[in-house]
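> the sequence and its predicted three-dimensional model are supplied below.
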Amino acid sequence: MENFTGAPTLNGTLGIWTDYSIQYKVISTLVLFVICALGTVGNVMVILVVLTTKHMRTPTNCYLVSLAVADLMVLTAAGLPSITDSIFESWVFGHYGCLCITYFQYLGINASSCSITAFTIERYIAICHPIKAQFLCTLSRAKKIILFVWAFTSLYCVMWFYLSDIQELVYDNVTITTCGYKVSRKFYLPIYFFDFGIFFVLPLLLSAVLYGLIARILFLNPLPSDPKEKKKNGTHANNNTTSCKNSRHSNSTATSRRQVTKMLAVVVILFATLWMPYRTLVVVNSFLDQAYLDGWFLLFCRSCIYLNSAINPVIYNAMSQKFRAAFRKICRCGRKGPEKPAAYSVALTYSAVKDTSMVESTDHFTTELEELTVTDGLLSEQKVMFPEPSVYREVNFTDA
């Protein structure tokens, strides 16, 4: 019992603490299955959206793919074994299953924390240091950082092969097989607190500081709506038109940055909130002689962890129009809708210089351009309708 007085592993059995009533079995199995099933589908869709849609492959989205893979690992390596534990009241995956599942669940937890830290730093550089972001926040660099994150966490989590194992405990004359920590409490607690500080406390403190700096730039000191509006009163009409366009471009740029930053900040806040019950339980039990291990409260703590891994795709869908459109496109891939006139769709930023002499000679002609402004991350397809070639003298394509 000494090894279990801190807290059980995420996949550890509750047999010695919980009365496995029919009510507990039904509720726990149903709750965990629904969360894991929906989370698995949602995270797979995030990965497919980014990997199969070329214009969605941005640095920020690469970090979100890394986070989705980590969340899938948590759901499969921790959530599914918890379901079988509730049903069979014992560990059923054997010795090697205990080692591998414990390894992969901690790998997913630590990789998700590092991915959140990585996209927080990327947001800070992109918004607070836009000049440096041109060569720091690139797709190739994001891929290298993600590879480093997974390599580092994979090596770090190797220690769990030596810290966990199955044990057979006798409770009320019934032998129960559990998967837990095989080292004594005095060795386990320092390792846990080190892991707790590096992969939970430190990322949250860093995120709080960086998002505070980002908020100061985006919300307290917004970009000027029109950098040329204080020019001389004798400015020509065509310069005024260009100035209005620059104003709209600046406003849409600031709005896009705010939306992306809000969405990522919500991801960080939910990560802290939903992990807090389990982390707090382990810390408190570390200082108690008689650990608090109520089965229903443990179910609540674990459900919060699995919900954190399942809810991110919902956040993307609710707060990002680009991801929402991409999700709909994947869901409708098997349906054949009515044929529509083809429209040229791209994922670049367009700027157009209007031939003013043409406009002056044909004041009855009206042109409409749906301008796409892409900044800092989440991209989507927008339909850009080009008028007659004679109306626009120059069309510049610049990478977002």
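That came in fine, so what should we check first? Residues are numbered from 1 along each chain as shown.

> which parts of this structure are helices?
For the chain, the helices defined by DSSP state H occupy 22-52, 59-74, 80-88, 94-128, 130-136, 139-156, 160-163, 185-196, 202-215, 237-285, 295-319, 321-331, 356-361.

> out of these, the one nearest V174 is which?
Closest to V174 of the helices of the chain, according to Cβ to Cβ: helix 80-88, at 13.0 Å. Heads up, the C-betas are built off the backbone N, CA and C, glycines and all.

> now that closest one: mean pLDDT?
The average pLDDT for helix 80-88 rounds to 86.

> follow-up on the earlier one: so which of the helices of the chain is the most packed in?
Counting by mean count of other Cβ atoms under 10 Å, helix 59-74 has the highest mean neighbour count of those, with a mean of 24.

> just the angle between it and helix 321-331, please?
60 degrees (axes from the mean of the first three to the mean of the last three Cα atoms, to 10 degrees).

> got the CA positions of helix 59-74 in CSV?
Written as CSV, here are the backbone C-alpha positions of helix 59-74 (Å, rounded to 0.1, in the frame of the first residue of the first chain):
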residue,chain,number,x,y,z
PRO,A,59,3.5,27.1,-38.1
THR,A,60,0.7,27.6,-35.6
ASN,A,61,-1.3,24.7,-37.2
CYS,A,62,1.7,22.4,-37.0
TYR,A,63,1.8,22.9,-33.3
LEU,A,64,-1.9,22.2,-33.1
VAL,A,65,-1.3,18.9,-35.0
SER,A,66,1.4,18.0,-32.4
LEU,A,67,-1.1,18.8,-29.7
ALA,A,68,-3.8,16.7,-31.4
VAL,A,69,-1.4,13.7,-31.6
ALA,A,70,-0.5,14.1,-27.9
ASP,A,71,-4.2,14.3,-27.0
LEU,A,72,-4.9,11.1,-29.0
MET,A,73,-2.1,9.4,-27.1
VAL,A,74,-3.6,10.4,-23.8
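
> average pLDDT across that helix?
Mean predicted lDDT for helix 59-74 stands at 95.

> same deal with stretch 147-161?
95.

> contact partners for the spatially closest residue to C304 that is not a sequence neighbour?
Nearest residue to C304, sequence neighbours excluded (Cβ to Cβ, 6 or more residues apart in numbering): L274, at 4.4 Å. Contacts for L274 were tallied using Cβ atoms under 8 Å, 6 or more residues apart in numbering; they are 304-305, 307-308, 311.

> and the pLDDT at L274?
Reading off the model, L274 has pLDDT 95.
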